[in-house]
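> just a sequence and a predicted model for now, questions to come.
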Amino acid sequence: MESVSLKQMARSKKVKLGHFIVEFATPGIGHIVKSAGGDFVLFDLEHSGFSFETVKSAIRYFEAAGIAVICRVPSKNYDHIARACDMGAEGIMVPMVGSAEEARAILDCMKYYPEGKRGVALQVAHDNYRPGDVAKKQAAANKRTTLFCQIETAEGVRNADKIAALPGVDCLWVGHFDLSTSLGIPGQFGDPKFTDAIAKVAAATKNHGKALGRLVPNVETGVDYFNTGFDFICYSGDVWVLHNALADALAKLREACAGKAGRKTRIAAAPGAAPKRKAKKKR
């Protein structure tokens, strides 16, 4: 079955489920996420330490599995954005987008003429090393690349409607930890300041028919946010899924084994128990 592109996903309000990759860029990771039922991965360069060499390899893994890739670059710099596109990233996520002007500058880095100012490199990773007509290739790349603007500052919230209105912006993505910190309420996601900010971002995407996404730590949070208009739901990250599943299993196993060992000890050394007598041999 043909994979659905990120651009197609962004134009639908149907839920899209993904996973955050921050540690394990292994050859099998794409197939693992696909087998688990994922639609996309968010591949992080902002906090992971992954290099562009790693991005280039990892994108091949995800392509082989039929998983769409959003690559979060570490900054708004041209070389970060354009290089990720050249490596074949279909989706580009940029942190801390605060205004429509910033979003427009990001699009200039992502898009070829006449939609932007991206330097031309053809028959490389992003077009699968295929030859072809230059104008057609540039138009195809412009159509394919998908922009996810992270709204994670108070400024970004104030300008969310203008950012969402900009042609070429496909999705607003809430960075919840940074946003709560910018609002002066770190980690207080139930605070009215935070919930009001979320409502403003959600309204902006609804007004302009754009997608809305965020990372969620558990199923319940994901369902809650889907019900408020979020359609890109990124469930947890590779580190936390492994850590939490392993910690839970090891704790249960340790408790069960300790309990069993304790019962054996009590039986063997029960206080006041009479010593067993040796049976007399028959003469």
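Thanks, I have it.
> near residue 26, how many other residues are there?
14 (other CB atoms under 10 Å). Where C-beta positions appear, they are placed from N, C-alpha and C, glycine not excepted.
> all numbers from here: first residue = 846
From this message on, residue numbering opens at 846, which makes the last subject residue 871.
> could you measure residue 881 against residue 1085, distance?
15 Å (CB to CB, to the nearest Å).
> show me where pLDDT drops low in the stretch 846-995 of the chain?
In the predicted model of the stretch 846-995 of the chain, residues 846-847 satisfy pLDDT under 70.
> what's the closest non-adjacent residue to residue 899?
Excluding the flanking residues, the one nearest residue 899 by CB to CB, 6 or more residues apart in numbering is residue 870, at 5.2 Å.
> neighbour-wise, which of residue 881 and residue 1085 wins?
residue 1085 (14 against 11).
> do you know how far the more buried one is from residue 864?
As judged by CB to CB, residue 1085 and residue 864 stand 10 Å apart.
> residue 924 now?
For residue 924, the distance to residue 864 - CB to CB - is 27 Å.
> ok, the two, which is more surrounded?
Shown here are residue 924 and residue 864; by other CB under 10 Å, residue 864 has more neighbours (23 against 12).
> can you pull out the strands in the protein?
Along the chain, the stretches classed as strands by DSSP state E are 861-866, 885-889, 913-917, 936-939, 991-996, 1014-1019, 1056-1061, 1077-1082.
> need those in TSV (columns: distance to residue 895).
Formatted as TSV, the strands of the chain follow (distance: least, CB to CB, whole Å):
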stretch	distance to residue 895
strand 861-866	9
strand 885-889	7
strand 913-917	9
strand 936-939	14
strand 991-996	17
strand 1014-1019	19
strand 1056-1061	17
strand 1077-1082	13
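> out of these, which comes closest to residue 945?
Closest to residue 945 of the strands of the chain is strand 1014-1019 (CB to CB; 8.4 Å).
> in the stretch 946-1095 of the chain, which spans are helices?
With DSSP state H, counting those that start in this stretch applied, the stretch 946-1095 of the chain shows helices at 979-989, 999-1003, 1005-1010, 1021-1027, 1037-1053, 1064-1071, 1083-1113, listed in chain order.
> what's the fourth one in contact with?
In other words, helix 1021-1027. Outside of helix 1021-1027, the residues within contact range by CB atoms under 8 Å, 6 or more residues apart in numbering are 940-941, 996-1002, 1031-1034, 1036, 1039, 1042, 1059-1060.
> could you rerun that using 10 Å?
Applying CB atoms under 10 Å, 6 or more residues apart in numbering, the external contacts of helix 1021-1027 come out as 940-941, 943, 995-1002, 1020, 1030-1034, 1036, 1038-1039, 1042-1043, 1046, 1059-1062, 1066, 1070.
> list buried residues within the residues you listed.
For the contacts of helix 1021-1027, a burial check counting by 16 or more other CB atoms under 10 Å picks out 940-941, 943, 995-999, 1001-1002, 1020, 1030, 1039, 1042-1043, 1046, 1059-1061, 1066, 1070.
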